[in-house]
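In: What would the 3D arrangement of this be:
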Amino acid sequence: MELETKRATVREKRPARNGWPGPPAADPTDPGPVDLVPGIPDEPSILFEGPPVPLDAPDLPPLCPELFPGFLGGMIKATAQATETPPELAGLLGLAAVAACVQGKAVVCPSPDYREPLCLYVAPALDSGNRKTSVLMEMTRPLREWERKRADEIQPEADKAASMRKTLEARADYLRKQAAKAESLELENLTVEIEEVERKIPEIPVLPRLWAQDVTPERLGALMAENQERIALISDEAGIFEILEGRYSGGIPNLDLFLQGHAGAPVRVDRGSRKAVYLQSPCLTLALSPQPEVIRGLALKPGFRGRGLLARFLYALPPSPLGWRKLTSKPTPQSVRDAYARGLRALLDTPSVIGEDGEPVPVVFEFSDDAFSEWREFSAATERELREDGEYAQITDWAGKLPGAAARIAGLLHCVQHAGAVSFPTAISRDTVQSALEIAAILSKHALAAFGLMGADPAIEGAKRVWRWIKTSRVKSFTARECFQALKGTFGRMGELQPALAVLVERAYIAEAPREKCNVPGRPSKTYTVNPALTEEWA
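Out: Have a look, this model is predicted:
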């Protein structure tokens, strides 16, 4: 499905894939492709019956910073440039940071009978060594600073309350011991005094928590109960997936809070011998940046896909820039960093609306009429692609939530546009919704790739690695042994390489060349020739 976009100017600004070059142009002094093996037919094309069958899906579209408004777009662009990382990384982590600031304070209602909370689960995936931690720290720095500042403000009051509580509890214990030995009249007086003392015992103010890292669902439920039922889990590793799988619960997955926390639905968190925690409208945001290998294994974890956890994430699988970075980038400008911090602080300092019952009530964002028309058209197009022959036929669980995810993104972009206002305007504009829909359309391509990776055949992944070696080396022919020697770090044994070569043969990337008679003792290594249709540009 191709979303008809009205943002042609944004697309015109899109750089070559995320700002780094592809392989360098051919050197005129280079002798050209290497023929490692003699004896290949003069016309190797006779070995191939048809055109190559692609190993990879088309290149995934980049998530352009221009799609994000104000301080958020500026920070995404500057951080991606400073760290030489794909903008998808800073983009999704930035959206999650905004969600951590406003979740629970507002909901988005595209139509009167449908609402979405403003929490978000994101998982941009990159291999180790791509400065993921640097980007994560940069995009979440204002959250940590705000949390630390609020803790410093509250700590003296908390210390005072803790001291008073300890004193009054000791007084109540003393009176209770006296009452245990008292006669009836004195007992009655002591009981009244104990009740008066206990009424004066203060609650200790809880130091605010905006985020946590790798915590059990039980501890997470307690943290949310202490923090207006809201929190964000932020990590550049994948430990939380192991916890959810049951690392601390005998291998039994515990997903309820993570399913309901995304939907804002009531949930009870049982905590063994301790009192259960009941959350009425939990809001949970997850900002994770795992390695692609972790994404690959998620579908194998019990219940993760069947119960809908994987369908709740927004994925990104940008190409790794490792090997193509210039390593001369300048730091993020302080002015950009300051604007981003001011924006997030303004969102954090925006108070929740308090209802008549004294409880927080979320502000309701609605789509303007023309914005709703755009969103409804997008939703209808998505629905058609859920059919058996549609683009989303294999990920109906994820794509069924795509219109809702787009609405959430629109709500978050709306908050960014109006950060610092006395109160949020309730109408979301058409332009904002259009940006959100284009972001959602781009992320749908990444989701297809992510779910494809979850079900990937190891032989195909191995074939991709071999093909990268062939392209980099620009060989027109090679032996299996030469390939194995070049890729020993990937394939531990020759037997592990054979399925990858078989895939390349099956898909007409390479063909096994006829063996020449050889007087050398032993079994000769198989010889392969590369499809000449794929080597035309190598000369």
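In: Just give me the neighbour total for the spatially closest residue to residue 435 that is not a sequence neighbour.
Out: Once flanking residues are discounted, residue 435 sits nearest to residue 67: 5.0 Å by Cβ to Cβ, 6 or more residues apart in numbering. For the C-beta atoms, the positions are set from N, CA and C on the backbone; glycine is no exception. Neighbour count of residue 67, defined by other Cβ atoms under 10 Å: 23.
In: Would you confirm that residue 67 contacts residue 441?
Out: No - between residue 67 and residue 441 there is no contact under Cβ atoms under 8 Å: 10.4 Å.
In: what about stretch 422-435, how long is it end to end?
Out: 24 Å (Cα to Cα, to the nearest Å).
In: How about the secondary structure of residue 162?
Out: Three-state assignment for residue 162 (DSSP: H, G, I helix; E, B strand; the rest coil): helix.
In: count of neighbours near it?
Out: Residue 162, neighbours per other Cβ under 10 Å, totals 13.
In: Surely it and residue 203 touch.
Out: No - counting by Cβ under 8 Å, residue 162 does not reach residue 203; the two are 10.3 Å apart.
In: pretty sure residue 79 is in a strand, no?
Out: No - in this structure, residue 79 is helix, not part of a strand, as judged by three-state DSSP.
In: That one touches residue 139, doesn't it?
Out: Yes - with contact defined as Cβ under 8 Å, residue 79 and residue 139 form a contacting pair (6.6 Å).
In: what touches both of these two?
Out: residue 90 (Cβ atoms under 8 Å, 6 or more residues apart in numbering).
In: Low-confidence stretches in the stretch 151-300 of the chain?
Out: Applying pLDDT under 70 to the stretch 151-300 of the chain picks out residues 247-252, 272.
In: Can I get whichever helix or strand residue 469 is part of as CSV, trimmed to CA atoms?
Out: Secondary structure from DSSP states H and E places residue 469 in helix 458-473. Output of helix 458-473 as CSV, limited to C-alpha atoms (Å, rounded to 0.1, in the frame of the first residue of the first chain):
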residue,chain,number,x,y,z
PRO,A,458,19.0,-18.9,8.4
ALA,A,459,20.1,-20.2,5.0
ILE,A,460,18.8,-17.0,3.4
GLU,A,461,20.5,-14.8,6.0
GLY,A,462,23.7,-16.7,5.2
ALA,A,463,23.2,-16.2,1.5
LYS,A,464,23.0,-12.5,2.1
ARG,A,465,26.3,-12.6,3.9
VAL,A,466,28.0,-14.5,1.1
TRP,A,467,26.5,-12.2,-1.5
ARG,A,468,27.9,-9.1,0.4
TRP,A,469,31.4,-10.8,0.2
ILE,A,470,31.0,-11.4,-3.5
LYS,A,471,30.0,-7.8,-4.2
THR,A,472,32.7,-6.3,-2.0
SER,A,473,35.4,-8.6,-3.5
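In: Can you list the helices and strands that it packs against?
Out: helix 480-486, helix 494-506 (3 or more Cβ pairs under 8 Å, 6 or more residues apart in numbering; DSSP states H and E).
In: any residues touching the shortest one, and which ones?
Out: For helix 480-486, contacts defined as Cβ under 8 Å, 6+ apart pick out 36-37, 466, 469, 473, 491, 494, 497-498, 501, 525-528.
In: low pLDDT regions in the chain?
Out: 1-46, 57-58, 247-252, 272, 516-523, 539.
In: And the helices in the stretch 1-150 of the chain?
Out: Per DSSP state H, counting those that start in this stretch, the stretch 1-150 of the chain carries helices over the ranges 8-13, 70-83, 87-102, 132-181.
In: Equivalent analysis for the stretch 251-400 of the chain, please.
Out: Remark: helices assigned in the stretch 251-400 of the chain by DSSP H, counting those that start in this stretch are 256-263, 292-298, 334-349, 369-384, 396-399.
In: ok, the residue lying closest to residue 206 once chain neighbours are set aside - how many residues close by?
Out: Spatial nearest neighbour of residue 206, chain neighbours left out: residue 226 (4.7 Å); criterion: Cβ to Cβ, 6+ apart. For residue 226, the neighbour count with other Cβ under 10 Å is 14.
In: next one: residue 306
Out: Neighbours of residue 306 under the rule other Cβ under 10 Å: 10.
In: Please report phi then psi for it.
Out: Reported as degrees, to the nearest 10, the phi and psi values for residue 306 are phi -60, psi -30.
In: so how far is residue 444 from it?
Out: Look at residue 306 and residue 444: by Cβ to Cβ, to the nearest Å, they are 22 Å apart.
In: So what sits opposite the most centrally placed residue in the chain in the bridge?
Out: In the chain, the residue lying closest to the centroid (Cα atoms, centre = their mean) is residue 123, at 1.5 Å. Under DSSP bridges, the beta-bridge partners of residue 123 are residue 315.
In: Could you pull up the contacting residues of it?
Out: Counted by Cβ under 8 Å, 6+ apart, residue 123 has contacts 92, 286, 288-290, 295, 313-316, 450.
In: Tabulate the residues you listed (a markdown table), appending neighbour count and distance to residue 421.
Out: Listed next are the contacts of residue 123 as a markdown table, based on neighbours: other Cβ atoms under 10 Å; distance: Cβ to Cβ, whole Å:
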| residue | neighbour count | distance to residue 421 |
| --- | --- | --- |
| 92 | 28 | 25 |
| 286 | 23 | 28 |
| 288 | 24 | 31 |
| 289 | 24 | 31 |
| 290 | 23 | 36 |
| 295 | 23 | 38 |
| 313 | 23 | 31 |
| 314 | 27 | 26 |
| 315 | 27 | 32 |
| 316 | 28 | 30 |
| 450 | 26 | 36 |
